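Trainee: Okay, here's the prediction I keep looking at, along with the sequence it came from:
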Amino acid sequence: MARAILLTCPVCDATLAIPGDRDDHARPALLEAAADHLAAHDLRESALAIRKHEIASTAQERLLPADDLDDLPTDRWAVPAPA
Ligand SMILES: [Zn+2]
């Protein structure tokens, strides 16, 4: 089994999976990953700060088979394919 932290963008629904758990990734690291992505959204400073904290606050820790981790976007933010 593998652990990952799943970040979701409230603006475009893109997700990023960070392998590891909360012991490996403190909140500042999640905020940094969120800020990297939000830069693409061209938000105002205040909106960007709010969204950044929103992403870190809604991050979900997942425990999943190692094979499933390979299916998650770990190297870049990815928008889910339409169902
Ligand atoms: Zn986004």
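Mentor: Structure's in. What do you need? Bear in mind that the values here come from a model prediction, so they are computed numbers and not experimental data. Residues are numbered from 1 along each chain as shown.

Trainee: Only C-alpha atoms from now on, for both contacts and neighbour counts.
Mentor: OK.

Trainee: just the strands in this protein please.
Mentor: All strands of the chain, identified by DSSP state E, fall at 2-8, 15-19, 60-64.

Trainee: got the contact list for C9?
Mentor: 15, 34, 51, 55 (CA atoms under 8 Å, 6 or more residues apart in numbering).

Trainee: Identify, from those, the entry nearest to P73.
Mentor: Distances from P73 to the contacts of C9, taken as CA to CA, are shortest for T15 (7.1 Å).

Trainee: The closest one bridge partners, please.
Mentor: T8, A78 (DSSP bridges).

Trainee: again with the one 4 residues further on
Mentor: Each beta-bridge partner of P19 is listed here: A4, as defined by DSSP bridges.

Trainee: ok, it - how many residues close by?
Mentor: Neighbour count of P19, defined by other CA atoms under 10 Å: 19.
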